[in-house]
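Visitor: sequence and predicted structure are below.
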Amino acid sequence: MDIYPAIDILGGKAVRLTRGDYATGEVFSDDPVKVLQGFRKQGAQFLHVVDLDGAKDGSIANFAIIRRLAAEGGVFMEVGGGIRNEERVRSYLELGVGRVILGTAAVRDFSFAEKMAARYPGRIAVGVDAKDGFVAVDGWKTVTDTDAYLFCARCAEAGIDKVIFTDIATDGGMAGTNMEAFRKLSQIKGLDVIASGGISDETELRALRVLSVSGAILGKAIYKGLIDLSRAVQIGRGEL
C-alpha cells in the first residue's frame, strides 16, 4: 500500500482544512516545496497535491508552485483541483506529474473522464468526494444527487480503475476514517482505491492494507504528529 502525504495549496501556502471548510484553513508552511523536502527525508516516495483555489473556482493561481514541486522530483506526484479540460491535464503531465485527478469535471461530464483515461492510460484518476453518501463538487461546496458508491462502480465499468475516495465528514477531523466505506468499495470489481479522509492512527493504516486499498493519503495527522510518516511508509510496505 502506497503512502501519499498530502500538500493542499491555498493562496500559495500549504494548508489543511477540516471537513472541506475553506474557513478552517490552517497554514502549515509558506513554502510547499520545503514541505515536500521534509516528506522525502522521512522516506516518502509518493505525494498527493490538491490545488484548493483551483478546486473552488477552476483557477490556475497555484500552477507555478505545482511546477516547482514537480521540478523538485524524487516522488511520484498526483495532482487534483480545478482540472476541467484536456489542456490542463496535458499541462500537468508535461510538468512531470505522474497522475492527474479529475473531480468536478468527471461528475459533470463523465465522457470527458472516459476520454482522458483512454488517451492517457495509467495517468488519470477520479477523485470521489462523498458527503452523506453523495458526490460533492466545486471544492466540496456543492453536493449532487449522485450516489458516491454507484459512481465509483460506474468508473470501474468504464475502465477508469483508479479512484481516490474521501468522506468529507471525516476529512481533517483526526478522529478516524470511514472504514466501512472502504470495505464497501473493496467489493467493487476492477476498482483500485486510494483511501483519504481522516486517517489518524497506525491501526487504521494496517486495516486499510488488509482491505487491499492501493494507497492511503495522510494529511493533518502527519502535520499534527498523530502519525509518524516514516513509520507509515513502513506499514504501507508491510514492514511494521
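Guide: Arrived safely. Fair warning: this is a prediction, and the values are worked out from it, not measured in the lab.
Visitor: and stretch 106-124, how far apart are its ends?
Guide: Stretch 106-124 has an end-to-end distance of 11 Å (CA to CA, to the nearest Å).
Visitor: and it, how far out from the chain's middle?
Guide: Averaging C-alpha positions (CA atoms, centre = their mean, to the nearest Å) puts stretch 106-124 16 Å from its chain's average.
Visitor: tell me which residues of it come out buried.
Guide: Across stretch 106-124, burial judged by 16 or more other CB atoms under 10 Å covers 106-107, 110, 112-114, 116-117, 123-124. Backbone N, C-alpha and C define where each C-beta goes, glycine included.
Visitor: ok, now stretch 48-57?
Guide: Buried, per 16+ other CB under 10 Å, within stretch 48-57: 48-56.
Visitor: helices of the protein, start to end?
Guide: Ranges of helices in the chain, per DSSP state H, are 32-41, 52-57, 63-72, 86-95, 104-108, 110-119, 148-157, 179-185, 202-210, 220-223, 229-236.
Visitor: please give me every residue in contact with residue 114.
Guide: 158-160 (CB atoms under 8 Å, 6 or more residues apart in numbering).
Visitor: buried subset of those residues?
Guide: Buried, going by 16+ other CB under 10 Å: residue 160, out of the contacts of residue 114.
Visitor: in strands only, show me the contacts of residue 114.
Guide: Counting by DSSP state E, those place none of their members in strands.
Visitor: from the contacts of residue 114, which is closest to residue 13?
Guide: Each of the contacts of residue 114 was scored against residue 13 by CB to CB, and residue 160 proved nearest at 31.5 Å.
Visitor: now do the contacts for the residue nearest to the closest one when sequence neighbours are not counted.
Guide: Leaving aside its sequence neighbours, residue 160 sits nearest to residue 117 (CB to CB, 6 or more residues apart in numbering; 4.6 Å). By CB under 8 Å, 6+ apart, the residues touching residue 117 are 124, 158-160.
Visitor: mind telling me the two of those residues farthest from one another?
Guide: Going by CB to CB, the pair spanning these furthest: 124 and 158, at 11.3 Å.
Visitor: now do the shared contacts for those two.
Guide: Shared contacts of residue 124 and residue 158, defined by CB under 8 Å, 6+ apart, comprise 113, 117.
Visitor: that older thread, of the buried residues of stretch 48-57, which is the nearest to residue 79?
Guide: Nearest to residue 79 among the buried residues of stretch 48-57, with distances taken as CB to CB, is residue 49, at 4.7 Å.
Visitor: spatially nearest residue to that closest one (excluding sequence neighbours)?
Guide: Residue 49 sits nearest to residue 79 (CB to CB, 6+ apart), 4.7 Å away.
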